[in-house]
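S.K.: Sequence and predicted structure, then a few things I'm wondering about:
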Amino acid sequence: MTKRRPAILVLEDGRTFHGEAYGSVGETFGEAVFNTGMTGYQETLTDPSYHRQVVVQTAPHIGNTGVNGEDDESSRIWVAGYVVRDPARIGSNWRATGGLEDRLAAEGVVGIGGVDTRALTRHLRDRGAMRVGISSVDDDPRALLDRVRRSPQMVGADLSAEVTTAEPYVVEAQGEHRFTVAALDLGIKRNVPRRLAARGVTTHVLPATATIEDLLATGADAVFFSPGPGDPATADGPVALAREVLTRRIPLFGICFGSQILGRALGFGTYKLGYGHRGINQPVLDRATGKVEVTSHNHGFAVRVPGAQAGAVVPDQVIDTEFGGVQVSHVCLNDNVVEGLRAKDVPAFTVQYHPEAAAGPHDADYLFDRFAELIEGGKNA
Ligand SMILES: NC(=O)CC[C@H](N)C(=O)O
């Protein structure tokens, strides 16, 4: 085997890891975050919410199943960089159309392999998500550290304009048409309109700058606020739009960034988590049913409701807002983070995690049924 080009990874606190170039040769910067999923790397790489993030995979062997033409969540790879322990030399799967490293190289994604990802993840878990640089063109960690410290932070990053669709488009319902939904694209994943289509919903996906008039012009019965990258504290435009939707009592469902936007529209704050939730086995309690779901997460920020203490169980009580009573409908059992909101007096609910998750799990798929019921009944479930 030919020897690979050496590469270095330098965190903003100076911790340095040595490895080998993986994917494109070059240099890249972003926020270092770890994802604990054992499967679904193609969906992770193409999820727009990872824009400007360097993803560390805790699963040690990545690339085993190559890449295929069906599993992309958007039109391109969005991660700013990719960190793996042991890249598969050969990808093998009946659906594969190519190898992962070739795809990374073709899209100019700079990665590093041969890194002790366990040590790196423990470091991020203890110190928090932070900026990072990867270079396979400069082997001087000090010089790279300087550049890392000059690279942009995730706090305060307004990234919707960089990921949203340039033009509106329509995803038709499968089978009999039941409803029309206007989806604000802040970094939407393909599986959202697909899950809606399976319930007879036609989705009009609109650019992040869409106005209430644009939403209404689609003839929508309801509105969806998508996931997406960046700091929700910067999303003033979408927050104002959500307030218009709530005022008109149009049914609203949101996922992840969309949940943070509903939180802000209701008057709550958002904050940055230490190292975030990224993986596919996070336990979430649905307080309405008492059921615990195994869920997919990808968030570095969360909603803070009044009266909640950091890390403590969020009280299960109705919170008064300008739009009436609101309940924290879902909580993460690992750390008590708010994972869902449900308004009682206006038809709106959201989750911080991913019912649309591909490659799964699908425990939370029922939330798309709840949305359809909300649209049908015009009242909250
Ligand atoms: N997947 C998402 O929508 C992420 C939302 C937001 N950018 C966060 O990190 O919390």
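M.R.: Structure's in. What do you need? Numbers count the residues shown, from 1 in each chain.
S.K.: those helices in this protein, which residues are they?
M.R.: If DSSP state H is used as the criterion, the helices of the chain fall at 41-45, 100-106, 117-127, 141-150, 160-163, 191-197, 212-217, 236-247, 257-265, 366-377.
S.K.: deepest of these, which one?
M.R.: With neighbours taken as mean count of other Cβ atoms under 10 Å, the helices of the chain reach their highest mean count in helix 257-265, at a mean of 28. Where you see a C-beta, it was placed from the backbone N, CA and C, and this is true even at glycine.
S.K.: elements contacting it?
M.R.: Judged by 3 or more Cβ pairs under 8 Å, 6 or more residues apart in numbering; DSSP states H and E, helix 257-265 is in contact with strand 222-225, helix 236-247, strand 252-255, strand 269-286, strand 291-304, strand 338-343, strand 348-351.
S.K.: What angle do strand 338-343 and that helix make with each other?
M.R.: Relative orientation of helix 257-265 and strand 338-343, computed by axes from the mean of the first three to the mean of the last three Cα atoms, to 10 degrees: 60 degrees.
S.K.: quick check: mean pLDDT across helix 257-265?
M.R.: In this model, helix 257-265 carries a mean pLDDT of 98.
S.K.: Give me the contacts around that helix.
M.R.: 49, 184, 186-187, 224-230, 232-233, 235, 238-239, 242-243, 246, 252, 254, 269-270, 301-305, 323, 338, 340-341, 348, 350-352 (Cβ atoms under 8 Å, 6 or more residues apart in numbering).
S.K.: Mind giving me the PyMOL command for buried ones among those residues?
M.R.: Those of the contacts of helix 257-265 that count as buried under 16 or more other Cβ atoms under 10 Å are selected in PyMOL with:
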select buried, resi 49+184+186+187+224+225+226+227+228+229+230+232+233+235+238+239+242+243+246+252+254+270+301+302+303+304+305+323+338+340+341+348+350+351+352
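S.K.: Out of the contacts of helix 257-265, which are close to the ligand?
M.R.: S49, P227, G228, P229, G230, F301 (Cβ under 6 Å from any ligand atom).
S.K.: Nearest to A358 among the residues you listed?
M.R.: Closest approach between those and A358, by Cβ to Cβ: P227, at 12.8 Å.
S.K.: Isn't the closest one up against I255?
M.R.: Yes. Look at P227 against I255 with Cβ atoms under 8 Å: they come within range, at 5.1 Å.
S.K.: Need the residues touching each of these two.
M.R.: Common neighbours of P227 and I255 (criterion: Cβ under 8 Å, 6+ apart): H354.
S.K.: can you tell me the residue of the stretch 51-200 of the chain closest to the ligand?
M.R.: Nearest to the ligand, among the residues of the stretch 51-200 of the chain, is G187, at 6.6 Å (Cβ to the nearest ligand atom).
S.K.: just the stretch 251-381 of the chain next, same as before
M.R.: C256 (2.9 Å).
S.K.: just the stretch 101-250 of the chain next, same as before
M.R.: Here the stretch 101-250 of the chain gets closest to the ligand at one residue, P227, 3.1 Å apart by Cβ to the nearest ligand atom.
S.K.: Near the ligand, which residues of the protein are found?
M.R.: Contact residues, the chain versus the ligand (Cβ under 6 Å from any ligand atom): S49, P227, G228, P229, G230, C256, F257, N298, H299, G300, F301.
S.K.: what separates the residue of the stretch 51-200 of the chain closest to the ligand from D345, distance-wise?
M.R.: Distance, G187 to D345, using Cβ to Cβ, to the nearest Å: 29 Å.
S.K.: now V192
M.R.: V192 sits 26 Å away from D345, taking Cβ to Cβ as the criterion.
S.K.: chain center to stretch 254-269: distance?
M.R.: Centroid displacement of stretch 254-269 relative to its chain, using Cα atoms, centre = their mean, to the nearest Å, is 14 Å.
S.K.: chain center to stretch 154-162, what's the gap?
M.R.: Worked out by Cα atoms, centre = their mean, stretch 154-162 lies 13 Å from the chain centre.
S.K.: Let me see the mean pLDDT of that stretch.
M.R.: For stretch 154-162, the mean pLDDT works out to 98.
S.K.: As PDB, could you dump the C-alpha coordinates of that stretch?
M.R.: The C-alpha coordinates for stretch 154-162 follow below in PDB (Å, rounded to 0.1, in the frame of the first residue of the first chain):
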ATOM      1  CA  MET A 154     -20.300  28.900  15.800                       C
ATOM      2  CA  VAL A 155     -21.900  31.200  18.400                       C
ATOM      3  CA  GLY A 156     -23.300  34.100  16.400                       C
ATOM      4  CA  ALA A 157     -23.100  32.300  13.000                       C
ATOM      5  CA  ASP A 158     -26.000  33.100  10.700                       C
ATOM      6  CA  LEU A 159     -25.800  30.400   8.100                       C
ATOM      7  CA  SER A 160     -29.300  29.900   6.600                       C
ATOM      8  CA  ALA A 161     -28.600  32.000   3.500                       C
ATOM      9  CA  GLU A 162     -25.600  29.700   2.700                       C
END
